[in-house]
Structure formats: structure tokens, C-alpha cells
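*Asks:* Give me a model of this one.
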Amino acid sequence: MFVLNIAAIAPDRALLEADRTWVRSFWSDLVPHASGVGSYVNFMSEYEDDRVLASYGREKYERLARVKGQYDPDNVFHLNANIKPG
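*Replies:* Residues are numbered from 1 along each chain as shown. Sure, this is the predicted structure:
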């Protein structure tokens, strides 16, 4: 098994958009050759809800959402791979 982290880093916004497009295209091209596809929150710089859910899996995510609902119902700690309070 392998873990692959592909990053787009650029000195300005225009170059970042081009690099981001290349990274996402490269990822899409690799997926058909993967034995399994997932996400790893510590590699993410943009926390899209579906990717965060994929990182934890539905069962674990729902359990974490219940815990967050108990300890952080106002979602104060949301500037990370956010799990919305359940």
C-alpha cells in the first residue's frame, strides 16, 4: 500500500490556479489505477465536506459529530477539517 500526497504550491494566485488544475487532473488520472481511494485530513488544505467525510468513513464521522454536538454544539472549533455538530 502507498500513500500519495500531491500538493499545489505557487507564489501567486494565477499560478496557484494552474497548479491546482494540474494536481486535480493528475489525481483523477491516478484513481483508476488505485486499489483503494480515500482521504487523509492532515494532507488537506481545503476542507470540502465530502472529502472530510471520506477521511473518517460514515460511521466514525457520525460518532464524531455526536461527540462534537455534546462538547462543541456552537461549532467554535471549525477552522480545521470540520465535523459539524450532530
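
*Asks:* Which helix or strand in the chain has the lowest average pLDDT?
*Replies:* In the chain, the helix or strand scored least confidently by mean pLDDT, DSSP states H and E is helix 49-56, which has a mean of 84.

*Asks:* And the contacts of that one?
*Replies:* Identification of contacts with helix 49-56 by Cβ atoms under 8 Å, 6 or more residues apart in numbering yields Gly38, Ser39, Tyr40, Val41, Met44, Tyr61, Leu64, Ala81, Asn82, Ile83. Using the backbone N, CA and C atoms, a C-beta is placed for each residue, glycine as well.

*Asks:* Look up how far Gly86 lies from Lys68.
*Replies:* Distance, Lys68 to Gly86, using Cβ to Cβ, to the nearest Å: 7 Å.

*Asks:* related to what we said a few turns ago, mind giving me the ChimeraX select for the contacts of helix 49-56, buried ones only?
*Replies:* Selection of buried members from the contacts of helix 49-56 for ChimeraX, criterion 16 or more other Cβ atoms under 10 Å:
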select :39,61,64,81,83
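
*Asks:* With secondary structure and pLDDT added, can I get the contacts of helix 49-56 in TSV?
*Replies:* Converted to TSV, these look like this (DSSP: H, G, I helix; E, B strand; the rest coil; pLDDT from 0 to 100):
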residue	secondary structure	pLDDT
Gly38	coil	73
Ser39	coil	74
Tyr40	coil	80
Val41	helix	82
Met44	coil	78
Tyr61	helix	92
Leu64	helix	94
Ala81	coil	81
Asn82	coil	84
Ile83	coil	88
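
*Asks:* From the contacts of helix 49-56, pick the one nearest Arg20.
*Replies:* Nearest to Arg20, judged by Cβ to Cβ, of the contacts of helix 49-56 is Met44 at 13.1 Å.

*Asks:* correct me, but that closest one touches Asn82?
*Replies:* No: with contact defined as Cβ atoms under 8 Å, Met44 does not reach Asn82; the gap is 10.9 Å.

*Asks:* Now do the least confident helix or strand of the chain: distance to the chain's middle.
*Replies:* 6 Å (Cα atoms, centre = their mean, to the nearest Å).

*Asks:* Can you show me the CA trace of that helix as PDB?
*Replies:* Below are the C-alpha coordinates for helix 49-56, written out as PDB (Å, rounded to 0.1, in the frame of the first residue of the first chain):
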ATOM      1  CA  ASP A  49     -17.400  18.300   3.400                       C
ATOM      2  CA  ASP A  50     -17.400  15.200   1.200                       C
ATOM      3  CA  ARG A  51     -13.600  14.700   1.500                       C
ATOM      4  CA  VAL A  52     -13.700  15.100   5.300                       C
ATOM      5  CA  LEU A  53     -16.500  12.500   5.400                       C
ATOM      6  CA  ALA A  54     -14.400  10.200   3.200                       C
ATOM      7  CA  SER A  55     -11.400  10.500   5.500                       C
ATOM      8  CA  TYR A  56     -13.300   9.200   8.500                       C
END
